[in-house]
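S.K.: generate a structure from the sequence data that follows.
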Amino acid sequence: MNLGELASRLGAELRGDPSLEVTGVKGIEEAGPTEVTFVANPRYAGLARKTRAAAILVEPDFPEIDAPTLRLKNPYLAFSRTLALFYQAPVYAPGIHPTAVIDPTADIGEGAHIGAYVVVGPGVSLGPDATLLAHVVLYPGVKAGARFFAHAHAVVREACILGDNVTLENGAIIGADGFGFAKNEDGHWEKIPQSGPVHLGNRVDVQANACIDRATVGVTEIGDGSKVDNLVQVGHGSRVGQNTLICAQTGLAGSSVIGSNAILAGQAGVAGHCTLGDGVILTAQSAVSHDIPAGKVISGSPGFDNRVWLRAVAIFQRLPELLKRLDRVEKGLAARPSSGSSAGEEEYRK
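M.R.: From the prediction side, this is the model:
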């Protein structure tokens, strides 16, 4: 593919030779003379003048450089779409592997690929063009829409409902029992039945080894377009809005409510029954145990406003120095003469 064709497919303004051939996509430091790269973060703008890449995807007002540029509003998204032009994921032909176990009451849509040792339980319904790779298990009553894609060892428990274009990565568990126990009169923990299924909306991606628990009553719900990263725990009865990102190792305790277009960065934590409004951002390793209004950026554990947290962290790094200064002030005040300025006061003025 040449640069002219690539610019046309992306809807980009090309500044450079349209006949230049490109063969792939790489990062800005690794790209060679036949590969395309991108700059979306201003911190890497300087590398654009040194790169060996055939062309760079940049924003429209990016400074002029020697290398050819493809200018458009969202270079990162364009990079993703360029990558898709050169990398083709494996295609799985329709058919059912002879080792698969499919209950006769299951309804399998047209074009399905059912891999080795897959188990599909009674009353399961799959939309058209589903792909179930090896060892996937669908419990009784599971409903999944069109183009459901489950990688090896994904499991969907009984009566869970999945929308169209849902992807489960390896080891994702949808609808396992929530962590519910009540102490009985003998002081023993007695299991609380977890009767409510999980509902995943359209275009939901659940990454490897993430767990979305079923509800005690009602449902656990993930809204359209939301993405759940590796090793995330979504507790029973939680609800997540649309187009929200829940990043790696984040934990939502039971009955958490997360709005739409929120971002929970890596290792964030939300206590049970808390509500986070639309557009909330929890920065990495933040934890909240109270409701957060829409649009807030929260940091720290316990979490509070990010702007205050940044100032607090800056002060925290100076605590040893401030402690030494305070010690000198206290010693100066203790030795304060009967008249005139004390040594402690002089230190304070510094």
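S.K.: C-alpha only now, for contacts and for neighbours.
M.R.: Will do.
S.K.: please enumerate the helices of the stretch 251-350 of the chain.
M.R.: Secondary structure of the stretch 251-350 of the chain (DSSP state H, counting those that start in this stretch): helices located at 306-317, 319-334, 343-349.
S.K.: can you confirm Gly4 is in a helix?
M.R.: Yes: counting by DSSP: H, G, I helix; E, B strand; the rest coil, Gly4 is found in a helix.
S.K.: so the closest residue to it other than its chain neighbours: helix, strand or coil?
M.R.: Using C-alpha to C-alpha, 6 or more residues apart in numbering and skipping residues adjacent in sequence, the residue nearest Gly4 is Pro18, 4.1 Å away. Classification of Pro18 using three-state DSSP returns coil.
S.K.: pLDDT score for Pro18?
M.R.: Confidence at Pro18, expressed as pLDDT, is 95.
S.K.: could you do Arg49 as well?
M.R.: Confidence score, pLDDT, at Arg49: 88.
S.K.: what about the stretch 201-350 of the chain, any weak spots by pLDDT?
M.R.: 337-350 (pLDDT under 70).
S.K.: separation between the residue nearest to Gly4 and Pro33?
M.R.: Distance, Pro18 to Pro33, using C-alpha to C-alpha, to the nearest Å: 14 Å.
S.K.: about what we covered before: Ala210: which of the helices of the stretch 251-350 of the chain is closest?
M.R.: helix 306-317 (27.5 Å; C-alpha to C-alpha).
S.K.: which residues touch the residue nearest to Ile65 when sequence neighbours are not counted?
M.R.: When the adjacent residues along the chain are set aside, Ile65 lies closest to Arg49, with 6.3 Å between them (C-alpha to C-alpha, 6+ apart). Contact partners of Arg49, counting by C-alpha atoms under 8 Å, 6 or more residues apart in numbering, are 65-67.
S.K.: distance of Arg49 from Pro42?
M.R.: 13 Å.
S.K.: cool, Glu21 as well?
M.R.: On the measure of C-alpha to C-alpha, Glu21 and Pro42 end up 27 Å apart.
S.K.: look at those two and report which has more neighbours.
M.R.: Ranked by neighbour count (other C-alpha atoms under 10 Å), Glu21 and Pro42 place Glu21 first, with 17 against 9.
S.K.: what about the closest residue to that one other than its chain neighbours, how many neighbours?
M.R.: Distances taken as C-alpha to C-alpha, 6+ apart put Asn2 closest to Glu21, at 4.1 Å, once the chain neighbours are dropped. Asn2 is flanked by 14 other residues according to other C-alpha under 10 Å.
S.K.: do the same with Pro320
M.R.: The number of residues packed near Pro320 is 11, by other C-alpha under 10 Å.
S.K.: cool, Ser19 as well?
M.R.: Ser19, neighbours per other C-alpha under 10 Å, totals 11.
S.K.: ok, it - contacts?
M.R.: By C-alpha under 8 Å, 6+ apart, the contact list for Ser19 reads 2-4.
S.K.: from Asn209, how far out is it?
M.R.: Distance, Ser19 to Asn209, using C-alpha to C-alpha: 45 Å.
S.K.: likewise Gly11?
M.R.: 37 Å.
S.K.: swap in Val36?
M.R.: 33 Å.
S.K.: higher neighbour count, these two?
M.R.: Legend: neighbour count by other C-alpha under 10 Å for Val36 and Asn209, higher for Val36 (28 against 19).
S.K.: next up, phi/psi of Ser301, please.
M.R.: phi -140, psi 110 (degrees, to the nearest 10).
S.K.: what is the burial count for it?
M.R.: 14.
S.K.: taking the centroid of the protein, which residue is nearest it?
M.R.: By C-alpha atoms, centre = their mean, the mean C-alpha position of the chain lies nearest to Cys247, the distance being 3.4 Å.
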